[in-house]
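1. turn this into a structure:
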Amino acid sequence: MIKKTLLGLAVAVAATVAFAYPEKPVTIVVPFPPGGSTDNIARVLAQKLSEKMGQSFVVDNKAGATGTIGAAFVKRAPADGYTLFVSSLGPFVIAPHLLKGVQYDALKDFDPITVAVQAPNVLAVPASSPYKNVAELLAGLKKSPGKVSFASSGNGSSDHLSAELLWQQTGTEGLHVPYKGGGPAINDLLGGQVEAAFVNINSIIQHIKAGKVRALAISSDKRSPLLPEVPTLQEQGVKGAEVQSWQAVAAPKGLPADVKARLHAAIAASLNDPAVKDKLLAQGFEIVANTPEQFGRFQAIEFAKWKSLIETRKITAD
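-> Alright, predicted model coming up:
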């Protein structure tokens with residue numbers, strides 16, 4: 001009887017703790033500087049979660065080393081629900097294959113909560129480019145191997161890897177021109193200093209609408225509602241080159257199940273709040289808000305995909 005009573009008390013206390021969460025401010029670690037897409041997603045979520053859960057959610061930018069500094073910080077934090085990690089795919093599935101000495105195991109050191117959003121890249125060329133479609137661009141790549149220049153925001157970035165994947169799947173070779181960030185890469189694309197680039201849709205759409213660059217293809221497996229006239233790579237005969245940039249939410253490994261469930265429900269509701277959803281859709285993001293289990297399976301697939309490409313193409317972060 002005593003054992004049953006103690007067990008009942010323990011269950012009651014655990015339920016009370018879970019129900020009370022959060023009892024203090026929650027820190028959302030973003031492994032990049034303020035102002036980028038990931039930071040934007042985190043701040044939108046922080047505001048809505050603060051409203052829904054009655055406690056402050058505060059964004060803390062811990063940038064450096066391609067996002068791995070912030071990821072390692074989260075790994076070391078207590079698994080109590082008061083430190084969350086909002087990141088792009090880089091630290092989750094790309095950086096571990098590019099950098100030596102990464103201080104975390106991307107597949108084992110975090111509790112996945114949800115992939116929040118995803119957005120395709122756009123294969124774009126300057127408005128003055130002779131290339132009007134993907135077939136013409138591929139013809140140019142085959143005619144001049146290693147000479148058609150592709151800008152990117154840096155070695156190992158998703159825009160760089162999108163180009164590498166295109167070349168691998170089509171048996172072609174371009175000239176990679178890495179920049180220190182997406183802004184300078186886009187500026188040189190606009191000016192015609194480089195001949196092509198894969199650019200995240202929310203960074204390039206205004207220039208496409210203004211006629212300053214030409215969109216040749218969407219990198220996802222379906223057309224974007226923001227650019228419905230632009231066909232996918234697959235529609236133009238390029239198979240196996242689908243890429244989506246994505247942002248996801250995770251926590252240190254060992255998150256209590258009840259806290260994890262409550263967080264997932266609140267985050268999914270926040271992402272699907274009409275005001276939030278409309279705002280993010282206008283910026284080119286598709287709401288995902290999948291389950292922790294779906295996120296875990298998706299991460300494993302992405303991890304293997306980019307590992308294979310990086311090793312096969314001998315891509316480095318330098």
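2. assumed Thr312 was part of a strand.
-> No - going by DSSP: H, G, I helix; E, B strand; the rest coil, the assignment for Thr312 is helix, not a strand.
3. nearest residue to it other than its sequence neighbours?
-> Ranked by CB to CB, 6 or more residues apart in numbering and with sequence neighbours excluded, the top spatial neighbour of Thr312 is Gln168, at 7.0 Å. To be clear about C-beta, it is placed using only N, CA and C from the backbone, and glycine gets the same treatment.
4. tell me who's in contact with the one you found.
-> Under the criterion of CB atoms under 8 Å, 6 or more residues apart in numbering, the contact list for Gln168 reads 309, 312-313.
5. can you pick the most crowded of the residues you listed?
-> Taking other CB atoms under 10 Å to define a neighbour, the member of those with the most is Leu309, carrying 17 neighbours.
6. give me the element that residue is part of.
-> Using DSSP states H and E, Leu309 sits within helix 292-313.
7. tell me where the stretch 201-318 of the chain has strands.
-> Taking DSSP state E, counting those that start in this stretch as the criterion, the stretch 201-318 of the chain contains strands spanning 213-218, 244-252, 286-287.
8. residues in contact with the first one?
-> Residues from elsewhere that reach strand 213-218, judged by CB under 8 Å, 6+ apart: 120-127, 129, 131-134, 137, 189-190, 196, 201, 204, 207-208, 224, 227, 230-233, 235-236, 238.
9. my read: Ile204 touches Ala124, true?
-> Yes - taking contacts as CB atoms under 8 Å, Ile204 lies within contact range of Ala124: 5.7 Å.
10. select only the buried ones of the contacts of strand 213-218 in PyMOL?
-> Buried residues within the contacts of strand 213-218, by 16 or more other CB atoms under 10 Å, are selected in PyMOL with:
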select buried, resi 120+121+122+123+124+125+126+129+131+134+137+189+190+196+201+204+207+208+224+227+230+231+232+233+238
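11. tell me the secondary structure for Asp60?
-> Reduced to three states with three-state DSSP, the structure at Asp60 is strand.
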